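# next one to model:
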Amino acid sequence: MKIGNTQIKHGLFLAPLAGVSDRVFRNICREHGAEYTVSEMISAKALCYDQQSRKKSAEESATLELATIYKSEMPIAIQLFGRESEFMARAASMIAERSYNCCLSDTAPAAIDINMGCPVRKIVSNGEGSALMKEPELAAEIVRAVKRAVSLPVTVKIRAGWDSVTAPEFAKRIEDAGADMICVHARTREQMYLPGVDISVIEKVKKSVSIPVVGNGDIYTAEDALKMLDRTGCDGVMIARGALGYPWIFSEISAALEGKKFNAPAVSERLDTAAEHLRRMLLEKDTRRAIAEAKKHIAWYIKGINGAAAARASVMTAESAEQIFAIIGEMKDRAAENE
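Below is the predicted model of the structure:
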């Protein structure tokens, strides 16, 4: 599939995950086969308001930090959320042109992605995220405004609907407004993240539009991905929770699509990657923050390994990186003894 000038061989996307898909996680997933990534969602209004603030560096602004991308990360889209078309357009333009205060990015993103799928209360209570699916006219106006403001492709992430399935009609309206790609999470907002997705919604969206459609929801194995691709006709798949602690899911899916054998990572490789994840976090962020944010990733990496419950408890109470490295090392030693 193709988005603008970006060719994507298998259509393997890493989903934007607030508080999770930072640069370290994105790069690790890329190294394991993710072909296209999306930033954590950024408030358009916050980015615009930052221009009048006294903040002098990205380190002083979470918004500026989230908006920073580098050429080595391409292709990556920057995801914006908001409900005021003027703020969305202005923020998109600043990101595309790298014209905002304290910008550290050395490239424009591959696309501007608009969040119309986030279901969390603090977002929808402001009429943003998936709440926009209740206002299709406003949603279309936002897409038109962003499209007018930038020369980059504009993509949109949606859900099946708010409390009923409206995605096919909504997607058509978004396409008519100028969207270049649509990603569909096959649950309504009302369903949040309850088990089970209705992938027939993705099939209906695919049939309703002519632009690329990416399917999302409950993809944890190559079998899940192939099922979604085969049954819906979608052009690609976006992986979210299936990549947590298991970035190998992308290479697993790629191998399945190419008819190649996939060798699942050994316990030692999983633990080595967990340790490498922490090391990279320490290079990217201050020590205290790196340790705090890495803990959840370590817990995901070690899930299912013998002794994981006790190790996870120790990781969560650890006060230094050295303690966490030691816990990982002990798990690796035990695994080697049991081989």
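# doesn't residue 218 fall inside a strand?
No. According to DSSP: H, G, I helix; E, B strand; the rest coil, residue 218 belongs to no strand; its state is coil.
# do you know the pLDDT at the closest residue to it other than its chain neighbours?
With Cβ to Cβ, 6 or more residues apart in numbering as the criterion, residue 218 has its nearest non-adjacent residue at 4.8 Å, and that residue is residue 197. (Glycine included, C-beta is placed from N, CA and C.) Predicted confidence (pLDDT) for residue 197: 94.
# regarding residue 197, what is its secondary structure?
coil.
# beyond the helix or strand where residue 277 lies, next helix or strand please.
Element membership for residue 277 (DSSP states H and E) is helix 267-284. Helices and strands here follow DSSP H and E; after helix 267-284, the next one along the chain is helix 287-302.
# what's next to that next one, contact-wise?
For helix 287-302, contacts defined as Cβ atoms under 8 Å, 6 or more residues apart in numbering pick out 19-20, 22, 25, 244-246, 270-271, 273-274, 277-278, 281-282, 284-285, 308, 311-312, 315-316, 318-321, 324, 328, 331.
# what of stretch 177-184?
With contacts defined as Cβ under 8 Å, 6+ apart, stretch 177-184 is touched by 3-4, 13, 111, 117, 139-141, 143-144, 147, 153-160, 167, 171, 174-175, 201-202, 205, 209, 211-216, 234, 238.
# if we use 7 Å, what do you get?
For stretch 177-184, the external contacting residues (Cβ atoms under 7 Å, 6 or more residues apart in numbering) are 3-4, 140, 143-144, 147, 153-158, 167, 171, 174, 201-202, 205, 209, 211-216, 238.
# dump the helix or strand hosting residue 231 to PDB, keeping only the CA atoms.
Element membership for residue 231 (DSSP H and E) is helix 222-232. The C-alpha trace of helix 222-232 is given here as PDB (Å, rounded to 0.1, in the frame of the first residue of the first chain):
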ATOM      1  CA  ALA A 222       0.100 -13.700  12.700                       C
ATOM      2  CA  GLU A 223      -3.000 -15.800  12.400                       C
ATOM      3  CA  ASP A 224      -5.100 -12.800  13.700                       C
ATOM      4  CA  ALA A 225      -3.500 -10.500  11.200                       C
ATOM      5  CA  LEU A 226      -4.000 -12.900   8.200                       C
ATOM      6  CA  LYS A 227      -7.600 -13.500   9.300                       C
ATOM      7  CA  MET A 228      -8.300  -9.700   9.300                       C
ATOM      8  CA  LEU A 229      -6.600  -9.200   5.900                       C
ATOM      9  CA  ASP A 230      -8.300 -12.100   4.300                       C
ATOM     10  CA  ARG A 231     -11.800 -11.500   5.600                       C
ATOM     11  CA  THR A 232     -12.000  -7.800   5.300                       C
END
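# got the buried residues for that helix?
222, 224-225, 227-229, 232 (16 or more other Cβ atoms under 10 Å).
# hey, C-alpha coordinates of stretch 304-313 in CSV?
Below are the C-alpha coordinates for stretch 304-313, written out as CSV (Å, rounded to 0.1, in the frame of the first residue of the first chain):
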residue,chain,number,x,y,z
GLY,A,304,4.8,-15.9,30.8
ILE,A,305,8.4,-16.6,31.7
ASN,A,306,9.0,-18.9,34.7
GLY,A,307,9.1,-16.8,37.8
ALA,A,308,7.6,-13.8,36.1
ALA,A,309,5.1,-12.9,38.9
ALA,A,310,7.8,-12.6,41.6
ALA,A,311,10.2,-10.8,39.2
ARG,A,312,7.5,-8.4,38.1
ALA,A,313,6.8,-7.5,41.8
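# point out the other helices and strands that the helix or strand containing residue 145 packs with.
Secondary-structure assignment from DSSP H and E places residue 145 in helix 136-149. The contact analysis (3 or more Cβ pairs under 7 Å, 6 or more residues apart in numbering; DSSP states H and E) places helix 136-149 against helix 85-97, strand 111-116, strand 154-161, helix 167-177.
# angle of the following helix or strand past the last one against strand 111-116?
On the C-terminal side of helix 167-177, the closest following helix or strand by DSSP H and E is strand 181-188. Here strand 181-188 runs at an angle of 20 degrees relative to strand 111-116 (axes from the mean of the first three to the mean of the last three Cα atoms, to 10 degrees).
# hang on, the earlier thing: and the helix holding residue 277, how far out from the chain middle?
A distance of 20 Å separates the centroid of the chain from that of helix 267-284, by Cα atoms, centre = their mean, to the nearest Å.
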